[in-house]
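J.: Here is a sequence together with a model predicted from it:
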Amino acid sequence: MKKTPNQPIRRVEQPMKRLSDNRTRFMFPEMSENPWLTRSRKTAATRRMCGLTSLELCAGAGGQALGYEQAGIEHAGLVEIDKNACATLRLNRPGWKVIEQDLNSFDGSSFTGVDIISGGLPCPPFSVAGKQLGIKDERNLFPVMIRLVDQIRPKAVMIENVRGILDAVFIDYRLYIRDQLKKLGYKTGWKLMNASEFGVPQLRPRAVFIGLREPYADHFSWPEGNAMQPATVGESLYSLMAANGWKGVNLWKELANEIAPTLVGGSHKHGGPDLGPTRARKAWAILGVDGLGILDEAPGPDFQGMPRLTVRMAARIQGFPDDWHFFGKKTAAYKQVGNAFPPPFARAVAENLRTCLTASRLVRVAG
(Lines give C-alpha, C1' and ligand atoms only; values in the text may rest on other atoms or scores of the structure.)
Protein backbone atom coordinates (compact mmCIF):
# COMPACT_ATOMS: atom_id res chain seq x y z
CA MET A 1 0.00 0.00 0.00
CA LYS A 2 1.37 3.37 -0.99
CA LYS A 3 1.72 5.99 1.68
CA THR A 4 -0.59 8.94 1.30
CA PRO A 5 1.43 12.17 1.22
CA ASN A 6 0.65 15.04 3.57
CA GLN A 7 -1.55 12.98 5.83
CA PRO A 8 -3.37 15.25 8.29
CA ILE A 9 -2.58 14.98 11.98
CA ARG A 10 -5.57 14.68 14.22
CA ARG A 11 -5.74 14.49 17.98
CA VAL A 12 -7.68 11.38 18.82
CA GLU A 13 -8.47 10.38 22.37
CA GLN A 14 -7.42 6.75 22.77
CA PRO A 15 -8.33 4.32 25.51
CA MET A 16 -5.42 4.41 27.92
CA LYS A 17 -3.42 1.19 28.00
CA ARG A 18 -1.74 -0.37 30.96
CA LEU A 19 2.02 -0.22 31.10
CA SER A 20 3.35 -3.53 29.82
CA ASP A 21 6.76 -3.15 31.46
CA ASN A 22 7.25 -6.23 33.63
CA ARG A 23 9.05 -4.07 36.18
CA THR A 24 5.70 -2.53 37.16
CA ARG A 25 4.51 -5.87 38.52
CA PHE A 26 5.03 -6.75 42.16
CA MET A 27 4.89 -10.24 43.62
CA PHE A 28 2.88 -8.89 46.57
CA PRO A 29 1.41 -5.57 45.35
CA GLU A 30 -0.76 -5.17 48.45
CA MET A 31 2.42 -4.90 50.54
CA SER A 32 4.06 -2.20 48.44
CA GLU A 33 3.89 1.45 49.45
CA ASN A 34 5.19 2.55 46.04
CA PRO A 35 3.52 0.95 43.00
CA TRP A 36 5.13 3.24 40.40
CA LEU A 37 8.42 3.36 38.53
CA THR A 38 10.78 6.29 38.12
CA ARG A 39 11.11 7.41 34.51
CA SER A 40 13.03 10.08 32.65
CA ARG A 41 11.15 13.24 31.70
CA LYS A 42 11.39 16.09 29.23
CA THR A 43 11.22 19.57 30.70
CA ALA A 44 10.32 22.60 28.62
CA ALA A 45 11.51 26.06 29.60
CA THR A 46 7.89 27.19 29.90
CA ARG A 47 4.60 25.33 29.99
CA ARG A 48 1.28 26.47 28.60
CA MET A 49 -1.70 26.05 30.86
CA CYS A 50 -3.16 22.62 30.15
CA GLY A 51 -6.66 23.02 31.57
CA LEU A 52 -5.95 21.11 34.80
CA THR A 53 -6.80 22.80 38.09
CA SER A 54 -5.65 22.29 41.66
CA LEU A 55 -6.80 23.12 45.16
CA GLU A 56 -3.78 23.61 47.38
CA LEU A 57 -3.90 22.92 51.11
CA CYS A 58 -1.49 24.64 53.52
CA ALA A 59 -0.09 26.66 50.62
CA GLY A 60 2.49 28.55 52.69
CA ALA A 61 4.58 31.02 50.74
CA GLY A 62 3.77 29.36 47.42
CA GLY A 63 6.71 27.06 46.67
CA GLN A 64 4.53 24.17 45.56
CA ALA A 65 1.99 26.50 43.95
CA LEU A 66 4.70 28.16 41.88
CA GLY A 67 5.97 24.75 40.76
CA TYR A 68 2.46 23.81 39.67
CA GLU A 69 2.10 27.08 37.76
CA GLN A 70 5.41 26.41 36.01
CA ALA A 71 4.06 22.97 35.06
CA GLY A 72 1.03 24.58 33.42
CA ILE A 73 -1.54 23.75 36.12
CA GLU A 74 -3.96 26.47 37.24
CA HIS A 75 -4.99 27.16 40.82
CA ALA A 76 -8.67 27.06 41.66
CA GLY A 77 -7.86 28.00 45.26
CA LEU A 78 -5.10 28.07 47.87
CA VAL A 79 -5.91 27.53 51.56
CA GLU A 80 -3.51 28.87 54.19
CA ILE A 81 -3.94 29.90 57.82
CA ASP A 82 -0.84 32.12 58.25
CA LYS A 83 -1.63 35.76 57.51
CA ASN A 84 1.91 36.60 56.37
CA ALA A 85 2.03 33.66 53.96
CA CYS A 86 -1.38 34.68 52.57
CA ALA A 87 -0.05 38.20 52.06
CA THR A 88 2.96 36.74 50.23
CA LEU A 89 0.70 34.78 47.88
CA ARG A 90 -1.46 37.84 47.15
CA LEU A 91 1.61 40.02 46.69
CA ASN A 92 3.12 37.78 44.04
CA ARG A 93 -0.06 36.54 42.35
CA PRO A 94 -2.94 39.01 42.85
CA GLY A 95 -5.12 36.86 40.59
CA TRP A 96 -4.93 33.74 42.75
CA LYS A 97 -7.87 32.89 45.00
CA VAL A 98 -6.21 32.83 48.43
CA ILE A 99 -8.40 31.56 51.27
CA GLU A 100 -7.09 32.61 54.70
CA GLN A 101 -8.67 29.97 56.90
CA ASP A 102 -8.00 27.10 59.28
CA LEU A 103 -8.10 23.95 57.15
CA ASN A 104 -10.03 22.11 59.88
CA SER A 105 -13.08 24.29 59.23
CA PHE A 106 -12.67 24.54 55.45
CA ASP A 107 -15.58 23.34 53.32
CA GLY A 108 -14.45 22.11 49.91
CA SER A 109 -17.90 21.67 48.37
CA SER A 110 -17.47 24.65 46.03
CA PHE A 111 -14.34 23.01 44.56
CA THR A 112 -16.02 19.89 43.22
CA GLY A 113 -14.54 19.25 39.78
CA VAL A 114 -11.01 20.30 40.68
CA ASP A 115 -8.49 17.88 39.14
CA ILE A 116 -5.83 17.80 41.86
CA ILE A 117 -5.68 18.32 45.60
CA SER A 118 -2.12 19.26 46.52
CA GLY A 119 -0.29 20.66 49.49
CA GLY A 120 2.35 20.44 52.16
CA LEU A 121 0.64 19.31 55.35
CA PRO A 122 2.29 20.30 58.66
CA CYS A 123 5.54 18.45 59.22
CA PRO A 124 6.08 18.67 63.03
CA PRO A 125 3.86 15.63 63.85
CA PHE A 126 6.29 13.43 61.89
CA SER A 127 9.60 15.29 62.10
CA VAL A 128 12.56 13.71 63.89
CA ALA A 129 13.34 17.24 65.10
CA GLY A 130 10.13 17.11 67.13
CA LYS A 131 8.42 14.52 69.32
CA GLN A 132 6.93 12.56 66.38
CA LEU A 133 3.52 12.43 68.02
CA GLY A 134 1.94 11.58 64.69
CA ILE A 135 -1.82 11.10 64.94
CA LYS A 136 -1.76 12.38 68.53
CA ASP A 137 -0.46 15.76 67.38
CA GLU A 138 -3.17 18.39 66.95
CA ARG A 139 -1.33 19.67 63.87
CA ASN A 140 -1.79 16.40 61.97
CA LEU A 141 -4.01 17.31 59.01
CA PHE A 142 -4.07 14.04 57.08
CA PRO A 143 -7.62 13.32 58.33
CA VAL A 144 -8.71 16.69 56.92
CA MET A 145 -7.06 15.86 53.60
CA ILE A 146 -8.94 12.55 53.47
CA ARG A 147 -12.21 14.37 54.25
CA LEU A 148 -11.64 16.84 51.42
CA VAL A 149 -10.70 14.11 48.96
CA ASP A 150 -13.95 12.35 49.83
CA GLN A 151 -15.88 15.60 49.40
CA ILE A 152 -14.24 16.80 46.16
CA ARG A 153 -13.16 13.52 44.50
CA PRO A 154 -10.27 14.92 42.44
CA LYS A 155 -8.46 12.83 39.85
CA ALA A 156 -5.21 13.08 41.83
CA VAL A 157 -3.77 13.93 45.23
CA MET A 158 -0.20 15.08 45.89
CA ILE A 159 1.07 15.76 49.41
CA GLU A 160 4.64 16.45 50.53
CA ASN A 161 6.00 15.97 54.02
CA VAL A 162 9.23 15.35 55.92
CA ARG A 163 11.01 12.05 55.45
CA GLY A 164 10.21 11.16 59.07
CA ILE A 165 6.72 10.12 58.02
CA LEU A 166 8.34 7.17 56.25
CA ASP A 167 9.85 5.90 59.52
CA ALA A 168 8.81 2.44 60.65
CA VAL A 169 6.95 3.89 63.62
CA PHE A 170 4.37 5.38 61.24
CA ILE A 171 3.80 2.37 58.97
CA ASP A 172 0.39 1.63 60.47
CA TYR A 173 -0.68 5.22 59.90
CA ARG A 174 0.57 5.21 56.31
CA LEU A 175 -1.39 2.03 55.68
CA TYR A 176 -4.43 3.66 57.27
CA ILE A 177 -4.14 6.59 54.84
CA ARG A 178 -3.75 4.14 51.96
CA ASP A 179 -6.78 2.12 53.01
CA GLN A 180 -8.97 5.18 53.46
CA LEU A 181 -8.18 6.43 49.98
CA LYS A 182 -8.48 2.94 48.52
CA LYS A 183 -12.09 2.92 49.74
CA LEU A 184 -12.59 6.12 47.71
CA GLY A 185 -11.14 4.52 44.57
CA TYR A 186 -7.50 5.71 44.70
CA LYS A 187 -4.23 3.88 44.25
CA THR A 188 -1.55 5.46 46.44
CA GLY A 189 2.21 5.51 46.83
CA TRP A 190 5.02 7.20 48.74
CA LYS A 191 8.49 8.06 47.52
CA LEU A 192 11.47 9.70 49.20
CA MET A 193 13.21 12.16 46.90
CA ASN A 194 15.73 14.94 47.36
CA ALA A 195 15.40 18.52 46.18
CA SER A 196 18.99 18.40 44.94
CA GLU A 197 17.91 15.82 42.32
CA PHE A 198 15.94 18.60 40.63
CA GLY A 199 18.56 21.33 40.55
CA VAL A 200 17.95 22.83 44.00
CA PRO A 201 21.29 23.64 45.72
CA GLN A 202 20.22 22.02 48.96
CA LEU A 203 20.16 18.61 50.60
CA ARG A 204 16.40 18.53 51.27
CA PRO A 205 14.85 15.04 51.38
CA ARG A 206 11.08 15.00 51.17
CA ALA A 207 8.45 12.29 51.24
CA VAL A 208 5.93 12.72 48.44
CA PHE A 209 2.53 11.03 48.56
CA ILE A 210 0.49 10.47 45.41
CA GLY A 211 -3.07 9.20 45.11
CA LEU A 212 -4.64 8.55 41.69
CA ARG A 213 -8.05 7.40 40.56
CA GLU A 214 -8.46 4.78 37.89
CA PRO A 215 -7.70 4.78 35.01
CA TYR A 216 -4.99 7.40 35.65
CA ALA A 217 -3.12 5.32 38.21
CA ASP A 218 -1.72 3.04 35.52
CA HIS A 219 0.00 5.91 33.73
CA PHE A 220 1.89 7.70 36.48
CA SER A 221 5.64 7.51 37.00
CA TRP A 222 7.87 9.32 39.46
CA PRO A 223 10.14 12.01 37.97
CA GLU A 224 13.74 11.12 37.41
CA GLY A 225 16.29 13.56 38.78
CA ASN A 226 18.64 15.68 36.74
CA ALA A 227 21.90 14.15 35.59
CA MET A 228 23.82 17.34 36.42
CA GLN A 229 24.88 18.22 39.93
CA PRO A 230 23.17 21.30 41.40
CA ALA A 231 25.16 24.47 41.97
CA THR A 232 27.12 24.82 45.20
CA VAL A 233 26.20 27.34 47.88
CA GLY A 234 29.06 29.54 46.73
CA GLU A 235 27.97 29.43 43.10
CA SER A 236 24.32 29.99 43.99
CA LEU A 237 24.83 32.92 46.35
CA TYR A 238 27.92 34.60 44.90
CA SER A 239 26.08 37.52 43.28
CA LEU A 240 24.04 38.18 46.43
CA MET A 241 27.05 37.94 48.76
CA ALA A 242 28.98 40.31 46.48
CA ALA A 243 26.15 42.86 46.21
CA ASN A 244 27.69 45.30 48.72
CA GLY A 245 31.27 44.95 47.49
CA TRP A 246 32.52 42.39 50.02
CA LYS A 247 36.26 41.97 49.34
CA GLY A 248 36.35 38.44 50.73
CA VAL A 249 33.57 37.04 48.56
CA ASN A 250 35.85 35.12 46.18
CA LEU A 251 37.59 33.27 49.01
CA TRP A 252 34.21 32.57 50.58
CA LYS A 253 32.89 31.14 47.30
CA GLU A 254 35.80 28.68 47.19
CA LEU A 255 35.00 27.57 50.76
CA ALA A 256 31.27 27.20 50.14
CA ASN A 257 31.86 24.44 47.59
CA GLU A 258 29.04 22.05 48.50
CA ILE A 259 25.26 22.15 48.33
CA ALA A 260 23.45 23.46 51.39
CA PRO A 261 22.13 21.39 54.28
CA THR A 262 18.37 21.42 54.80
CA LEU A 263 16.96 24.84 55.66
CA VAL A 264 14.77 24.70 58.76
CA GLY A 265 11.89 27.14 59.08
CA GLY A 266 10.48 26.02 62.42
CA SER A 267 6.79 25.62 63.26
CA HIS A 268 4.08 28.08 64.23
CA LYS A 269 4.85 27.28 67.85
CA HIS A 270 8.63 27.22 67.76
CA GLY A 271 11.63 28.37 65.77
CA GLY A 272 13.21 31.67 64.91
CA PRO A 273 15.37 33.32 62.26
CA ASP A 274 18.28 30.89 62.40
CA LEU A 275 19.35 28.00 60.19
CA GLY A 276 18.33 25.17 62.47
CA PRO A 277 19.61 23.15 65.43
CA THR A 278 23.25 22.72 66.41
CA ARG A 279 24.04 19.98 63.88
CA ALA A 280 22.62 22.06 61.02
CA ARG A 281 24.56 25.14 62.10
CA LYS A 282 27.78 23.11 62.18
CA ALA A 283 27.12 21.99 58.61
CA TRP A 284 26.60 25.60 57.56
CA ALA A 285 29.81 26.63 59.35
CA ILE A 286 31.79 24.17 57.20
CA LEU A 287 30.50 26.15 54.22
CA GLY A 288 31.57 29.43 55.79
CA VAL A 289 28.09 30.53 56.85
CA ASP A 290 27.11 31.67 60.34
CA GLY A 291 23.81 29.88 61.04
CA LEU A 292 22.92 31.70 64.25
CA GLY A 293 20.67 34.20 62.54
CA ILE A 294 19.47 35.98 59.42
CA LEU A 295 20.60 39.46 58.36
CA ASP A 296 18.87 42.17 56.35
CA GLU A 297 21.81 42.86 54.04
CA ALA A 298 24.82 41.20 52.46
CA PRO A 299 28.29 41.77 53.96
CA GLY A 300 29.92 45.18 53.48
CA PRO A 301 33.30 45.72 51.76
CA ASP A 302 35.47 45.20 54.86
CA PHE A 303 33.45 42.46 56.54
CA GLN A 304 35.51 39.88 58.44
CA GLY A 305 34.36 36.45 59.57
CA MET A 306 31.53 34.17 58.47
CA PRO A 307 28.59 35.90 56.80
CA ARG A 308 24.98 35.18 57.61
CA LEU A 309 22.30 34.59 55.02
CA THR A 310 19.59 37.07 54.14
CA VAL A 311 16.00 36.03 53.44
CA ARG A 312 16.68 36.47 49.72
CA MET A 313 19.71 34.18 49.93
CA ALA A 314 17.68 31.53 51.76
CA ALA A 315 14.98 31.82 49.10
CA ARG A 316 17.52 31.22 46.35
CA ILE A 317 18.77 28.14 48.22
CA GLN A 318 15.15 26.92 48.19
CA GLY A 319 14.88 27.39 44.43
CA PHE A 320 12.65 30.47 44.44
CA PRO A 321 13.19 32.98 41.62
CA ASP A 322 14.58 36.33 42.76
CA ASP A 323 11.38 38.14 41.79
CA TRP A 324 9.31 36.16 44.31
CA HIS A 325 8.85 38.41 47.35
CA PHE A 326 8.04 37.48 50.94
CA PHE A 327 5.73 39.59 53.09
CA GLY A 328 6.48 40.34 56.72
CA LYS A 329 9.41 41.09 58.97
CA LYS A 330 12.61 39.09 58.90
CA THR A 331 11.52 36.24 61.18
CA ALA A 332 8.11 35.81 59.53
CA ALA A 333 9.63 35.97 56.05
CA TYR A 334 12.38 33.46 56.84
CA LYS A 335 9.90 30.98 58.34
CA GLN A 336 7.94 31.09 55.09
CA VAL A 337 11.09 30.39 53.10
CA GLY A 338 12.40 27.67 55.41
CA ASN A 339 9.11 25.75 55.39
CA ALA A 340 8.58 25.91 51.63
CA PHE A 341 8.55 23.06 49.14
CA PRO A 342 11.19 24.04 46.53
CA PRO A 343 9.44 25.11 43.29
CA PRO A 344 11.71 23.08 40.94
CA PHE A 345 11.00 19.93 42.98
CA ALA A 346 7.25 20.61 42.95
CA ARG A 347 7.32 21.30 39.23
CA ALA A 348 9.01 17.97 38.47
CA VAL A 349 6.29 15.97 40.23
CA ALA A 350 3.51 18.19 38.86
CA GLU A 351 4.74 17.71 35.29
CA ASN A 352 4.49 13.95 35.67
CA LEU A 353 1.00 14.32 37.11
CA ARG A 354 0.09 16.53 34.16
CA THR A 355 1.34 13.90 31.71
CA CYS A 356 -0.60 11.21 33.54
CA LEU A 357 -3.87 13.14 33.69
CA THR A 358 -3.79 14.42 30.11
CA ALA A 359 -2.80 11.15 28.45
CA SER A 360 -3.71 11.21 24.76
CA ARG A 361 -1.99 10.28 21.54
CA LEU A 362 -1.29 11.90 18.19
CA VAL A 363 -2.04 9.41 15.42
CA ARG A 364 -1.90 9.73 11.67
CA VAL A 365 -5.16 9.07 9.90
CA ALA A 366 -5.24 8.65 6.13
CA GLY A 367 -7.24 11.40 4.44
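T.: Thanks, I have it. Numbers count the residues shown, from 1 in each chain.

J.: Run through the strands of the stretch 1-150 of the chain in chain order.
T.: 9-12, 38-39, 53-57, 74-80, 98-100, 116-120 (DSSP state E, counting those that start in this stretch).

J.: Pipe those strands into JSON lines and attach distance to residue 290, mean pLDDT and mean neighbour count per row.
T.: Yep, even glycine has a C-beta here, placed from its N, CA and C like the rest. What follows is the strands of the stretch 1-150 of the chain, written out as JSON lines (distance: least, CB to CB, whole Å; pLDDT from 0 to 100; neighbours: other CB atoms under 10 Å):
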{"stretch": "strand 9-12", "distance to residue 290": "56", "mean pLDDT": "37", "mean neighbour count": "10"}
{"stretch": "strand 38-39", "distance to residue 290": "38", "mean pLDDT": "80", "mean neighbour count": "14"}
{"stretch": "strand 53-57", "distance to residue 290": "34", "mean pLDDT": "98", "mean neighbour count": "24"}
{"stretch": "strand 74-80", "distance to residue 290": "31", "mean pLDDT": "98", "mean neighbour count": "22"}
{"stretch": "strand 98-100", "distance to residue 290": "35", "mean pLDDT": "98", "mean neighbour count": "18"}
{"stretch": "strand 116-120", "distance to residue 290": "28", "mean pLDDT": "96", "mean neighbour count": "26"}
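
J.: Helices of the stretch 101-250 of the chain, residue ranges please.
T.: Using DSSP state H, counting those that start in this stretch, the helices found in the stretch 101-250 of the chain span residues 142-152, 171-183, 233-241, 249-255.

J.: dump the residue contacts of residue 60.
T.: For residue 60, the contacting residues are 80, 82, 85, 120, 336, 339, 340, 341, by CB atoms under 8 Å, 6 or more residues apart in numbering.

J.: Quick check: the fourth one vs residue 252, distance?
T.: The span separating residue 120 from residue 252 equals 32 Å under the rule CB to CB, to the nearest Å.

J.: and what of the last one?
T.: In this structure, residue 341 and residue 252 are separated by 28 Å, where distance is defined by CB to CB.

J.: Looking at these two, which is more packed in?
T.: Using other CB atoms under 10 Å as the criterion, residue 341 and residue 252 rank with residue 341 on top: 28 against 22.

J.: before we move on, what SS does that one have?
T.: Per DSSP: H, G, I helix; E, B strand; the rest coil, the local secondary structure of residue 341 is coil.

J.: hang on, the earlier thing: dump the contacts of residue 60 to CSV, plus distance to residue 161.
T.: Formatted as CSV, those follow (distance: CB to CB, whole Å):
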residue, distance to residue 161
80, 16
82, 18
85, 17
120, 7
336, 17
339, 12
340, 13
341, 10
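
J.: Thanks again, I'm all set now.
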